[in-house]
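Enquirer: quick one, structure for this:
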Amino acid sequence: MMRFGRRCFSSISSESPRVAIAKNMLKYEAIAKATSEAELAAASKLAPSIDTAALPSSIGHLKGFLSQTSSSSSTFVKDPSAWQNLSFGAFAAKEAGRKETYPFIIGAVVTYLLLGVMLPMALPKEGKKDSKYISYIEGRHGKIGDHHDSHDSHKHDSHAHH
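Expert: As a prediction, the model looks like this:
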């Protein structure tokens, strides 16, 4: 099927690429409507002509597209305000300013306040001492209690008795 598509839709000609697209759309439409082998063979040999003043209704929406002229002498100019051309800081600031982003920013702040500030304040001092969560928040990286590694010290004591 790929060969059929290449053979039918890739023709080298002097017409503009826009006209070639419109012709290929008409040809595709004829192929899609074919219900028999004979209709398919006829549709694949179709070479429609395009008159931009009187387009068929199926491609009437392309009138503006076909009337545009493409000048090959003009060079592409990047849009400096497009997201892919912004620096990371400018991109982050622009995205943070969008109304769709506010729920995520507010959610992050509320989560930090609840889990990072209010929860540690609400726990009793004894609970904080033996909490791995609090030790991570305080930067002790999972070390519980006053000892750096209280579990290892118990292991050494238990092995000494054997």
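
Enquirer: now find how far off-centre stretch 75-84 is within its chain.
Expert: The gap between where stretch 75-84 is centred and where its chain is centred comes out at 19 Å by CA atoms, centre = their mean, to the nearest Å.

Enquirer: now stretch 98-118
Expert: Relative to the mean C-alpha coordinate of its chain, stretch 98-118 is positioned 23 Å out (CA atoms, centre = their mean).

Enquirer: keeping just the C-alphas, turn it into CSV.
Expert: C-alpha atoms of stretch 98-118 as CSV (Å, rounded to 0.1, in the frame of the first residue of the first chain):
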residue,chain,number,x,y,z
ARG,A,98,-0.9,32.1,33.2
LYS,A,99,-4.3,31.6,35.0
GLU,A,100,-4.1,27.8,34.3
THR,A,101,-0.9,27.6,36.3
TYR,A,102,-2.1,29.2,39.5
PRO,A,103,-3.8,26.1,41.0
PHE,A,104,-0.5,24.2,40.7
ILE,A,105,1.5,27.1,42.4
ILE,A,106,-1.1,27.5,45.2
GLY,A,107,-1.2,23.7,45.6
ALA,A,108,2.6,23.5,46.0
VAL,A,109,2.6,26.4,48.6
VAL,A,110,-0.3,24.8,50.6
THR,A,111,1.3,21.4,50.6
TYR,A,112,4.6,22.9,51.8
LEU,A,113,2.9,24.8,54.5
LEU,A,114,0.8,21.8,55.7
LEU,A,115,3.5,19.1,55.5
GLY,A,116,6.7,21.2,55.9
VAL,A,117,5.7,23.8,58.4
MET,A,118,2.4,23.0,60.2
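
Enquirer: contacting residues around it?
Expert: The contact list for stretch 98-118 (CB atoms under 8 Å, 6 or more residues apart in numbering) reads 95, 96, 137. In this view, the C-beta of every residue, glycine as well, is placed from N, C-alpha and C.

Enquirer: okay if I get these as a markdown table plus pLDDT and neighbour count?
Expert: Output for the contacts of stretch 98-118, formatted as a markdown table (pLDDT from 0 to 100; neighbours: other CB atoms under 10 Å):
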| residue | pLDDT | neighbour count |
| --- | --- | --- |
| 95 | 88 | 14 |
| 96 | 85 | 11 |
| 137 | 78 | 15 |
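
Enquirer: out of those residues, which are inside helices?
Expert: 95, 96, 137 (DSSP state H).

Enquirer: tell me the buried residues in stretch 89-105?
Expert: Within stretch 89-105, not a single residue qualifies as buried, counting by 16 or more other CB atoms under 10 Å.
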